[in-house]
Structure formats: C-alpha cells, structure tokens
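Novice: Sequence and computational prediction follow.
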Amino acid sequence: LKSIATEWTERSVAYTAQPNVSKIRSMDIDMSAAPIERLPIREVLDIAEALGHYDFNSHTERQPFRGLAKLRPARALSAITDATRMGKFFPWAWAALLSSSNAKVKNPRILSTIGRRLARLPVDKMSEIVYPVSEWLSKFGEELVSETSEVFDLVWEALVSSYIAFPTVKQNARPDRNWVNEGLNSPIGRMIEALFKDPTTTAFQPTTGLPRPWKRRLNQLLDLHCDFRQHAIAMTSAQLNWLFHVDANWTESKLLPFANNAGIDSDAFWEGYLWNVRTPQRLLYTRLKPGFIALAQRKGLHRNEETQLAALLLAGWGDFENEFTPERLVTDIELREILIHANNEFRSHLLWHLEKWTEENIQWKDHLSIFLRSVWPKQRDVRTPEISGRLVDISLTTPNLFPEVLDIILPRLVATSSSLRLTCISEKETTTNIIAERHPQEFLKLLLASLGPDPVNWPYGVDKFIMLLTAPPCTQNEPSLLELCKRMKSR
C-alpha cells in the first residue's frame with residue numbers, strides 16, 4: 001500500500017478515514033523566536049518567512065519573527081535594515097515590529113531609530129505599510145511628541161508623501177458608506193488620533209490659537225484627495241467644538257466651509273461632527289444652524305446622526321444659559337417648522353430627549369408646557385401611535401405638571417401601544433403610580449385616549465394601573481373605567 005500511496009506518512013493516521021464534516025478548532029499562535037534567534041542577521045528574515053506558516057496538523061500558526069520583535073526589537077530592526085540594504089522589502093516584518101508594544105519597544109532610543117528608518121523608506125514601500133505605521137504612530141504618539149518630536153514629524157511627512165503619491169479609492173463602496181467608521185479604522189484616523197495625543201494641547205489658548213505645526217499637519221490631511229480627504233474631514237470635524245474654541249479663525253477658514261458644501265465632503269463633515277457631539281458654543285452654533293435645519297429635512301441619516309441632531313436643535317431652543325437674550329438660538333417657529341417637515345423618527349428622537357431632560361433638569365420642567373403649547377405641531381400627520389406613546393411618556397414624567405400637560409396633549413393623542421411608562425414590568429413605585437393615585441380622573445382620561453379598543457394591543461402590565469383607579473371614589477364607578485375593566489378581563 002505504501003508503494004501505491006507514496007505521500008502517506010504515519011502522521012496521516014490522524015485524518016485518514018475521518019468523517020467528512022466540518023469541525024471547529026481553536027488556532028494557537030507560536031511566537032517562539034528560538035529557531036531564528038541565533039541566526040546570522042542576513043538569514044533571519046528569509047528563514048522566518050519560510051518557518052512562518054500554519055501547521056494544519058497541530059493547528060498552530062508559527063510567527064517566530066513576531067516573537068523576536070517582542071523579545072529583542074533592536075535585533076529585529078537590524079534584520080529589517082540589513083534586508084533593506086540588500087534591496088529586499090518585507091512588509092510583514094515591519095508590521096510585526098511595529099505592532100510590538102512591550103517595554104523594550106517603548107524605549108525612546110528604539111522609537112527614534114524605528115521612526116528614522118521608516119522615514120527613509122521610498123514612498124512606494126511606505127504605501128504598502130501605511131496601516132501598521134499609522135497604528136504605531138498613534139500608539140506611541142504621546143511618547144514621540146514628548147521625547148523626540150522631530151521623529152514624529154519625519155514619520156508624519158513620510159506618510160503624507162505616500163498618500164499624495166498613491167491616493168486610494170474604495171472599490172465597490174456602498175452608497176450609504178459611513179465616513180466615521182471608515183475613518184476610525186483608516187491610516188488617516190490613526191494619524192489624527194496620534195496628533196490629539198499631544199500632551200501640550202492642555203496649554204493651547206484662544207489668545208494664541210493652534211501652533212503652526214498643528215495647523216500645517218491638519219491642512220496637509222484636509223488637502224488630500226480621494227478617500228483620504230473624507231476620512232480627514234470626518235475625524236477632524238469630530239473635534240470641531242474644541243478646535244473652534246482654540247482657533248476660531250483657522251476653523252472658520254478650513255473646516256466650516258465643508259458644512260455648507262454639497263457632496264461627499266459635506267457628508268463626511270456632518271457624519272464626523274454628529275458622531276459624538278456636545279452642544280457647541282453660541283457663536284459656533286449660529287454658524288452651524290443653517291446646516292442643522294437642512295439636515296433635519298434630509299432623508300437617509302443614520303440613526304445616531306438623527307438622534308444627535310434632534311438633541312442639538314432642542315438644546316438650541318432651550319438655550320437656558322442665555323435666557324435673557326432677545327431670542328433663542330432656535331425660535332419657536334423655526335423648531336415647529338423643522339418638526340413639521342422632518343420624518344417621524346426625528347420627531348420621536350426629539351421627544352425622547354425632551355422626556356429625558358425634563359426628568360433630569362428642573363429648567364426643562366419649567367419649559368415643558370411652553371414647548372408643547374407653542375412648538376409642537378398640531379398637524380394630523382404628526383399624530384401617529386409612536387409619537388402618541390412619546391407624548392404619553394412625557395406627561396407621566398412629572399407628577400406635579402401632569403394635569404397641565406395632559407390638557408395640552410390630549411387632543412393630539414391616538415391609540416398607542418408604545419408607551420414605556422404605561423408598561424408595568426416591576427413592583428417598584430414609579431411616577432406613573434404616583435400620578436394614578438394623585439390625579440385619578442385625569443389619568444383615566446389619558447388611558448381612554450391612548451388605549452385602543454382591542455386590549456391585545458395594550459402595553460404590557462397596564463392592567464395594574466387600571467386597577468389602581470378602582471379604589472378612588474371619584475373614578476371607581478365611572479362607566480368608562482368599568483368598560484376598560486371589562487375589556488381587560490376579556491384578554
């Protein structure tokens with residue numbers, strides 16, 4: 001048999017005549033540097049490349065050079081340098097060295113040497129390793145800026161040169177691509193992350209603005225072409241509030257024009273800004289306000305963007321810190337028009353913020369009735385089950401204001417099953433319990449307006465609140481309550 005199956009070995013016993021079904025196995029990584037540690041420098045990379053493979057029998061991937069880079073980064077760098085002199089380029093070796101993060105690699109001397117060697121690479125070679133290089137720059141950005149800022153600049157310039165020489169465009173990109181998600185995982189995103197790790201940022205003052213090296217670096221990235229440009233816009237606009245505070249002039253000239261332009265630059269700007277934004281300074285808010293209003297009427301916003309935008313517009317209407325100014329940042333009429341022309345999801349997000357802020361902030365409690373009476377639209381298109389659920393929840397947020405709020409929203413309610421505060425999932429006392437006991441007649445009106453004729457669609461656990469109304473004398477004999485109890489028992 002062996003003469004027929006010449007490739008058969010004793011190791012073949014492990015997988016010969018085995019069931020032909022898929023198996024789930026874990027993969028181990030062997031980073032032992034022993035096979036290459038004592039080799040002559042000139043042989044290290046060739047032998048490491050030959051040894052670095054996946055062993056299907058032991059289910060182990062061997063990465064001896066990664067182990068060498070971790071234990072002896074100086075020797076690993078020497079092997080790469082020697083190969084470069086010989087005209088050889090091993091991208092995987094650079095990636096292994098740059099991904100190492102033990103204490104030896106953090107040595108300023110090692111960091112400086114690695115950075116200078118990287119900066120001397122031809123742009124075509126650098127373009128092959130921009131991901132590990134930018135990751136390295138981000139990982140050690142603070143150390144490089146503090147200990148050897150010259151090396152930080154050299155690597156930065158080398159990366160920018162490679163982007164200019166080899167611009168890239170993502171093939172088969174989706175039409176709804178997310179520039180923030182792409183930017184976070186892109187070399188540009190890593191570079192901006194490295195820049196903002198500069199420990200000297202705490203000393204930046206509006207009186208002096210951004211330092212020249214900072215402006216030069218940001219300008220370099222914002223002036224790139226293809227996808228690099230949109231990644232830079234998205235990740236820089238995420239820091240817009242801080243940049244405007246430190247250097248309003250630079251921000252107005254370099255970043256804010258993207259807010260009003262059409263096309264992918266504008267998309268990248270707004271996706272970055274709305275990624276995790278806080279309410280901007282009053283002056284910046286006025287600059288961005290036209291964009292906020294235009295975005296509220298745009299279709300296709302991501303859910304997070306819609307949520308953040310709703311919060312920004314509601315905060316502009318609130319504007320409590322400047323309540324003595326002649327006019328709010330967003331007027332009653334402006335916000336009402338926005339709500340009329342926005343989609344149902346946007347309106348729902350805005351009411352969610354209103355409910356949350358009213359519960360947490362006494363100032364919003366004072367303005368709740370004003371908003372519902374003067375801002376919230378009365379059009380029939382706005383009266384949907386989801387919106388009614390939000391309005392019901394808002395009314396049940398503040399027991400003291402319940403009767404007043406109910407009078408405002410009652411004509412605008414339709415049957416709904418989406419009210420969370422009418423859903424009873426625990427025995428703990430809630431504001432809904434308090435309101436039902438303190439204002440039973442008004443609470444009954446709310447139930448009659450928001451619960452539909454079919455009890456199957458009622459919020460889960462609403463039975464408990466209905467039963468609370470059978471105790472007070474003013475409601476226990478109400479025909480409408482008796483009818484609700486009858487429907488409830490028929491479920």
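Specialist: Looks like it came in fine.
Novice: Send me stretch 475-491 as PDB with only the CA atoms.
Specialist: Provided in PDB are the C-alpha atoms of stretch 475-491 (Å, rounded to 0.1, in the frame of the first residue of the first chain):
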ATOM      1  CA  THR A 475     -63.300  57.000  39.500                       C
ATOM      2  CA  GLN A 476     -64.400  53.600  40.800                       C
ATOM      3  CA  ASN A 477     -67.900  53.900  39.400                       C
ATOM      4  CA  GLU A 478     -67.100  55.700  36.200                       C
ATOM      5  CA  PRO A 479     -68.700  53.800  33.200                       C
ATOM      6  CA  SER A 480     -65.600  54.400  31.100                       C
ATOM      7  CA  LEU A 481     -63.400  52.700  33.800                       C
ATOM      8  CA  LEU A 482     -65.900  49.800  34.100                       C
ATOM      9  CA  GLU A 483     -65.700  49.400  30.300                       C
ATOM     10  CA  LEU A 484     -61.800  49.300  30.400                       C
ATOM     11  CA  CYS A 485     -62.000  46.600  33.200                       C
ATOM     12  CA  LYS A 486     -64.400  44.600  31.100                       C
ATOM     13  CA  ARG A 487     -62.100  44.700  28.100                       C
ATOM     14  CA  MET A 488     -59.100  43.900  30.300                       C
ATOM     15  CA  LYS A 489     -60.800  40.700  31.600                       C
ATOM     16  CA  SER A 490     -61.600  39.600  28.100                       C
ATOM     17  CA  ARG A 491     -58.000  39.200  27.100                       C
END
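Novice: what residue ranges in the stretch 51-200 of the chain score low on pLDDT?
Specialist: For the stretch 51-200 of the chain, the stretches with pLDDT under 70 are 54-58, 169-175.
Novice: now do 80
Specialist: 52-60, 101-105, 168-176 (pLDDT under 80).
Novice: Going by residue numbers, what spans are strands in it?
Specialist: 54-55, 60-62 (DSSP state E, counting those that start in this stretch).
Novice: helices or strands up against the longest one?
Specialist: What that stands for is strand 60-62. In terms of contacts (3 or more C-beta pairs under 8 Å, 6 or more residues apart in numbering; DSSP states H and E), strand 60-62 is packed against strand 28-30, strand 54-55. Just so you know, the C-beta spots here come from the backbone N, C-alpha and C atoms, and that holds for glycine as well.
Novice: give me the number of residues near Glu327?
Specialist: As a burial measure, Glu327 scores 9 neighbours (other C-beta atoms under 10 Å).
Novice: so what's it up against?
Specialist: Applying C-beta atoms under 8 Å, 6 or more residues apart in numbering, we find Glu327 in contact with no residue.
Novice: Hmm, Glu135 and Ser99 touching each other?
Specialist: Yes: assessed by C-beta atoms under 8 Å, Ser99 is found in contact with Glu135 at 7.2 Å.
Novice: Give me the more crowded residue out of those two.
Specialist: Set Ser99 next to Glu135 and count neighbours by other C-beta under 10 Å: Glu135 wins out with 19 against 15.
Novice: Roughly how far does that one sit from Val462?
Specialist: As for Glu135, its distance to Val462 is 53 Å (criterion: C-beta to C-beta, to the nearest Å).
Novice: ditto for Leu210
Specialist: Leu210 sits 57 Å away from Val462, taking C-beta to C-beta as the criterion.
Novice: Which one's more surrounded, these two?
Specialist: Val462 (21 against 18).
Novice: now His302, nearest residue through space, not along the chain?
Specialist: Asn178 (6.7 Å; C-beta to C-beta, 6 or more residues apart in numbering).
Novice: my guess is the one you found meets Glu271, correct?
Specialist: Yes: counting by C-beta under 8 Å, Asn178 does reach Glu271; the two are 6.5 Å apart.
Novice: Those two - which one has more neighbours?
Specialist: More crowded of Asn178 and Glu271, by other C-beta under 10 Å: Glu271, with 25 against 17.
Novice: residues touching the more buried one, list them.
Specialist: Neighbours of Glu271 in contact, by C-beta under 8 Å, 6+ apart: Asn178, Trp179, Val180, Ala234, His302, Glu305.
Novice: Kindly recompute the last result at 10 Å.
Specialist: If you count contacts by C-beta atoms under 10 Å, 6 or more residues apart in numbering, Glu271 has them with 177-183, 230, 233-234, 237-238, 301-302, 304-305.
Novice: mind checking how far the helix or strand hosting it is from the chain centre?
Specialist: Assigned by DSSP states H and E, Glu271 falls within helix 264-273. In terms of C-alpha atoms, centre = their mean, to the nearest Å, the gap separating the centre of helix 264-273 from the centre of its chain is 14 Å.
Novice: For it, give the mean pLDDT please.
Specialist: The pLDDT scores in helix 264-273 average 94.
Novice: Repeat that for stretch 473-488.
Specialist: 92.
Novice: Which residues outside that stretch are in contact with it?
Specialist: Taking C-beta under 10 Å, 6+ apart as the rule, stretch 473-488 contacts 436, 440-441, 443-445, 447-448, 451-456, 458, 462-463, 466-470, 472.
Novice: what's Lys88 in contact with, if anything?
Specialist: Contacts for Lys88 (C-beta under 10 Å, 6+ apart) come out as Arg42, Leu45, Asp46, Ile80, Asp82.
Novice: Let's see stretch 291-304 as PDB, backbone CA atoms only.
Specialist: Presented in PDB, the C-alpha positions along stretch 291-304 are these (Å, rounded to 0.1, in the frame of the first residue of the first chain):
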ATOM      1  CA  GLY A 291     -26.800  73.100   8.300                       C
ATOM      2  CA  PHE A 292     -28.700  71.700  11.300                       C
ATOM      3  CA  ILE A 293     -32.000  72.800   9.800                       C
ATOM      4  CA  ALA A 294     -31.100  71.500   6.300                       C
ATOM      5  CA  LEU A 295     -30.100  68.100   7.800                       C
ATOM      6  CA  ALA A 296     -33.300  67.700   9.700                       C
ATOM      7  CA  GLN A 297     -35.200  67.600   6.400                       C
ATOM      8  CA  ARG A 298     -32.700  65.200   4.700                       C
ATOM      9  CA  LYS A 299     -33.600  61.600   4.200                       C
ATOM     10  CA  GLY A 300     -31.100  58.800   4.800                       C
ATOM     11  CA  LEU A 301     -29.400  60.000   8.000                       C
ATOM     12  CA  HIS A 302     -28.000  57.300  10.200                       C
ATOM     13  CA  ARG A 303     -29.900  56.700  13.400                       C
ATOM     14  CA  ASN A 304     -27.100  58.100  15.600                       C
END
